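Engineer: no sequence for this one, just the structure:
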């Protein structure tokens with residue numbers, strides 16, 4: 001069984017000469033912690049264990065039938081060939097219309113398609129950051145941001161937010177980390193891992209700093225259609241349309257349409273930025289997946305499929321209620337995405353059967369080892385003392401998983 005000292009990835013072992021040949025660039029990059037946790041949970045499941053998988057941010061709902069049918073039809077029509085490097089013209093036009101309908105006018109030439117939102121993010125960093133340039137963003141943050149900024153030659157810099165302030169980024173926090181090397185501000189709302197939703201007031205204040213410091217803004221809007229309260233989704237362009245010439249929007253269909261494995265994302269930005277990103281994509285990927293692009297055309301007809309948000313909201317309410325039963329676990333209410341980010345700080349420094357729980361990393365490892373519950377430690381998101389749980393699982397597993405979490409807490413000494 002997996003234990004705290006077990007190496008996470010053991011698919012191969014590199015000899016010392018091979019290790020010596022690895023570049024400094026790649027040695028500086030850590031693997032995705034969420035994918036590592038998911039791989040461990042999957043392995044334990046294959047071994048016959050009942051693992052509660054709160055780790056991966058992947059909807060358990062099916063891809064909508066019209067999208068499936070469009071993909072199958074594209075295969076049968078023999079459309080699995082290279083497309084233009086920036087994507088199918090008709091899909092770029094469809095995305096441009098979607099952006100425009102949302103209030104962010106774009107021409108097709110200002111849109112590109114990528115094999116998921118992750119490549120779009122990396123291409124954006126690569127296009128916007130010179131070596132040593134800084135990209136700043138609020139913490140907690142999605143764990144992959146820092147590694148992608150480093151891979152693109154930039155320097156990741158984050159500033160703190162607090163649960164007491166709803167994890168809203170503040171002007172004071174932002175100003176406190178700005179330097180003469182700051183080039184890009186990255187925003188993500190609804191937020192992974194907290195589930196918070198940035199308000200118009202927050203973004204109006206941030207926009208003032210953007211103007212003052214001539215920053216370029218990258219907005220990761222992948223959870224745009226997953227807000228469970230009456231509050232609206234707000235992009236910085238909603239409150240500061242004058243910034244359109246310095247805003248790059250990243251989005252995709254993985255979360256809204258359960259197309260995680262299909263790999264489809266898209267970006268909207270001023271044409272010179274899209275052209276630069278496309279040049280790089282043309283050399284490293286050729287083009288986005290063609291069959292997926294044809295399926296995505298069907299997805300654009302229904303940006304928020306019926307019943308999906310309601311199903312996730314029911315589970316959100318359930319996990320909030322279950323976590324509220326636990327001793328000294330502080331759980332801010334998530335209002336978007338599909339994560340919850342409780343603080344387990346009150347239980348750090350204790351021991352579990354001889355193992356000292358010094359931080360959330362150890363807590364999560366022991367929880368997986370002893371209780372077969374997979375979570376991700378908040379340290380990976382720039383928030384020590386927290387753990388992230390996704391509620392993209394069955395209601396029965398939510399109840400059982402939180403019960404096991406409470407059981408482990410009760411056994412701490």
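Structural biologist: Thanks, I have it. None of the values given here were measured: they were computed from a predicted structure. Residues are numbered from 1 along each chain as shown.
Engineer: C-alpha only now, for contacts and for neighbours.
Structural biologist: Will do.
Engineer: all strands for the stretch 1-150 of the chain, in order.
Structural biologist: 52-53, 111-114, 134-139 (DSSP state E, counting those that start in this stretch).
Engineer: how many neighbours does residue 83 have?
Structural biologist: 17 (other C-alpha atoms under 10 Å).
Engineer: ditto for the one 3 residues further on
Structural biologist: Burial of residue 86, expressed as a neighbour count using other C-alpha under 10 Å, amounts to 26.
Engineer: check the gap between the nearest residue to it once chain neighbours are set aside and residue 83 for me.
Structural biologist: In space, and not counting its chain neighbours, residue 86 is closest to residue 112: 4.7 Å by C-alpha to C-alpha, 6 or more residues apart in numbering. Using C-alpha to C-alpha, to the nearest Å, residue 112 is found at 12 Å from residue 83.
Engineer: try residue 258
Structural biologist: 23 Å.
Engineer: strands along the stretch 151-300 of the chain, start to end?
Structural biologist: 155-160, 182-188, 216-220, 247-252, 265-268.
Engineer: next one: residue 168 from residue 162, what distance?
Structural biologist: Residue 168 is 7 Å from residue 162, by C-alpha to C-alpha.
Engineer: same question for residue 392.
Structural biologist: Distance from residue 392 to residue 162, by C-alpha to C-alpha: 25 Å.
Engineer: who has more neighbours, these two?
Structural biologist: More crowded of residue 392 and residue 162, by other C-alpha under 10 Å: residue 392, with 23 against 13.
Engineer: setting aside sequence neighbours, what's the nearest residue to the more buried one?
Structural biologist: Spatial nearest neighbour of residue 392, chain neighbours left out: residue 59 (5.2 Å); criterion: C-alpha to C-alpha, 6+ apart.
Engineer: thought that neighbour was touching residue 258?
Structural biologist: Yes. Between residue 59 and residue 258 there is a contact under C-alpha atoms under 8 Å: 5.7 Å.
Engineer: picking up where we left off before, tell me the most buried of the strands of the stretch 1-150 of the chain?
Structural biologist: With neighbours defined as mean count of other C-alpha atoms under 10 Å, the strands of the stretch 1-150 of the chain peak in mean count at strand 111-114, which reaches a mean of 30.
Engineer: residues near residue 71, how many?
Structural biologist: 24.
Engineer: residues contacting the closest residue to it other than its chain neighbours?
Structural biologist: Nearest-residue entry for residue 71: residue 295, 4.6 Å, with adjacent residues in sequence omitted and distances by C-alpha to C-alpha, 6+ apart. For residue 295, the residues meeting the contact criterion (C-alpha atoms under 8 Å, 6 or more residues apart in numbering) are 67, 68, 69, 70, 71, 74.
Engineer: can you tell me how far residue 295 sits from residue 164?
Structural biologist: For residue 295 relative to residue 164 (C-alpha to C-alpha), the value is 42 Å.
Engineer: also residue 73?
Structural biologist: Residue 73 is 50 Å from residue 164, by C-alpha to C-alpha.
Engineer: neighbour-wise, which of the two wins?
Structural biologist: Between residue 73 and residue 164, residue 73 has the larger neighbour count (other C-alpha under 10 Å), namely 15 against 8.
Engineer: let me know the distance separating the more buried one from residue 327.
Structural biologist: From residue 73 to residue 327 the distance is 53 Å (C-alpha to C-alpha).
Engineer: test my guess that residue 66 contacts residue 296.
Structural biologist: No. Counting by C-alpha under 8 Å, residue 66 stays clear of residue 296, with 9.9 Å between them.
Engineer: look at the two and report which has more neighbours.
Structural biologist: residue 296 (26 against 16).
Engineer: report the contact partners of the nearest residue to the more buried one once chain neighbours are set aside.
Structural biologist: Sequence neighbours aside, residue 67 is the residue nearest to residue 296 in space, at 6.8 Å (criterion: C-alpha to C-alpha, 6+ apart). By C-alpha under 8 Å, 6+ apart, the residues touching residue 67 are 295, 296, 298, 299.
Engineer: with respect to residue 223, which of the residues you listed is nearest?
Structural biologist: Nearest to residue 223 among the contacts of residue 67 is residue 299, at 15.3 Å by C-alpha to C-alpha.
Engineer: apart from its neighbours in sequence, what residue is nearest the closest one?
Structural biologist: residue 67 is the one closest to residue 299 (C-alpha to C-alpha, 6+ apart), at 5.8 Å.
Engineer: can you tell me how far the one you found sits from residue 61?
Structural biologist: Where residue 61 is concerned, residue 67 sits at a distance of 13 Å (C-alpha to C-alpha).
Engineer: what lies in contact with stretch 24-34?
Structural biologist: With C-alpha under 8 Å, 6+ apart as the criterion, stretch 24-34 contacts 55, 56, 143, 144, 147, 150, 151, 376, 380.
Engineer: touching, the last one and residue 139? I think so.
Structural biologist: No. Counting by C-alpha under 8 Å, residue 380 sits too far from residue 139 to count as a contact (10.4 Å).
Engineer: any idea how far stretch 401-413 is from the chain center?
Structural biologist: Its chain's C-alpha centre and that of stretch 401-413 lie 28 Å apart, by C-alpha atoms, centre = their mean, to the nearest Å.
Engineer: average pLDDT for that stretch?
Structural biologist: Throughout stretch 401-413, pLDDT has a mean value of 97.
Engineer: and that stretch, which residues are buried?
Structural biologist: For stretch 401-413, burial by neighbour count (16 or more other C-alpha atoms under 10 Å) applies to 401, 402, 403, 404, 405, 406, 408, 409, 412.
Engineer: same deal with stretch 348-358?
Structural biologist: Applying 16+ other C-alpha under 10 Å to stretch 348-358 flags 348, 350, 352, 356, 357 as buried.
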